[in-house]
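# attaching a predicted model along with its sequence, questions to come.
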Amino acid sequence: MIKQRVLLALLCAALVFPAGLAGQASGAGPAVRAGAAQGGLAFPYVDLNVRQAQNNREVVLSIQLLLLLSVLTLAPSLLILMTAFLRIAIVFDFIKRALSLQQVPPNQILMGLALFLTLFIMWPTLSTIYNESFRPFADGKIGMEEMYKKAEGPLRIFMYKQMSSNPDNVRLFMRLRGLAKPNTLADVPTEVLIPAFVLHEMTVAFKIGILLFIPFIIIDMVVASILMSMGMIMLPPVMISLPFKLIVFVLVDGWSLITMQLVQSFR
């Protein structure tokens, strides 16, 4: 049986690559094999050469490439920590827990909705970054360092706007670093602004989650007290309260209200 499978595989390969196999069997050169492979399926030729750097410029280019690959691996974390995604994702998780839902809706759907809402909220900032940073760099008008500074500015403004009414977290990290009191946004380093923004977003998201939990906890308490008064101690209250919570959530158009409040909560 194994020999039959091997012969069948070789026959299929001969039918798909007849000229290529013939060229390899006859010991033909690369040009001959390339010309013979035109009748079959062509594969691209990939070549990778690694050699020692000849000058400092090549060393810097290699380091920049490594840094770029590192940034690409950290891109999801940057998307979560420096945009509106963090607050939206936490609030959606609170909604699911408040409704006592386990599998519906799936986490992929909630995270996908959070991603598109993030793009909707961040679109002005992303447009500014594209027009003032990426596009001039692509046209060769600015260098790498200037592109980074122009891309960093709109994100810093967005993060600072969310904390403008309550900059306590900025003061906390400035004090931990031993820095002087900033007079303007430019005096706040980026390594201080990012963790302050993350703590602020988590605090706001937890406040919204507490407000979401209150009405559903009341429904759970009412259902539990009714079941206790009827003597149904062994019946789980969550099983009975779940339909009532879903009915209330649908009647008030919960998804639209929460989405509207989330979008309006960003400045």
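Arrived safely, thanks for sending.

# element containing the residue nearest the centre of the chain?
For the chain, the residue nearest the mean C-alpha position is Pro76 (4.1 Å; CA atoms, centre = their mean). Assigned by DSSP states H and E, Pro76 falls within helix 75-81.

# again, but for Thr125
Per DSSP H and E: Thr125 is located in helix 107-129.

# okay, that helix in CSV with CA atoms only?
Taking C-alpha atoms only, helix 107-129 is exported to CSV below (Å, rounded to 0.1, in the frame of the first residue of the first chain):
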residue,chain,number,x,y,z
ASN,A,107,-15.4,37.5,22.3
GLN,A,108,-14.3,37.8,18.7
ILE,A,109,-17.4,39.7,17.8
LEU,A,110,-17.1,42.0,20.7
MET,A,111,-13.4,42.7,20.0
GLY,A,112,-14.2,43.2,16.3
LEU,A,113,-16.9,45.7,17.2
ALA,A,114,-14.5,47.4,19.6
LEU,A,115,-11.9,47.6,16.9
PHE,A,116,-14.3,49.3,14.4
LEU,A,117,-15.5,51.7,17.1
THR,A,118,-11.9,52.5,17.8
LEU,A,119,-11.3,53.3,14.1
PHE,A,120,-14.4,55.5,14.1
ILE,A,121,-13.3,57.5,17.1
MET,A,122,-9.6,57.7,16.1
TRP,A,123,-10.2,58.5,12.5
PRO,A,124,-9.5,62.2,12.8
THR,A,125,-6.2,61.4,14.6
LEU,A,126,-5.2,58.8,12.1
SER,A,127,-6.0,61.1,9.2
THR,A,128,-3.8,63.7,10.7
ILE,A,129,-0.9,61.2,11.2
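
# just how off-centre is that helix within its chain?
9 Å (CA atoms, centre = their mean, to the nearest Å).

# quick one: buried residues of it?
In terms of neighbour count (16 or more other CB atoms under 10 Å), helix 107-129 has its buried residues at 110, 113-114, 117-118, 121-122, 125-126, 128-129. Yep, even glycine has a C-beta here, placed from its N, CA and C like the rest.
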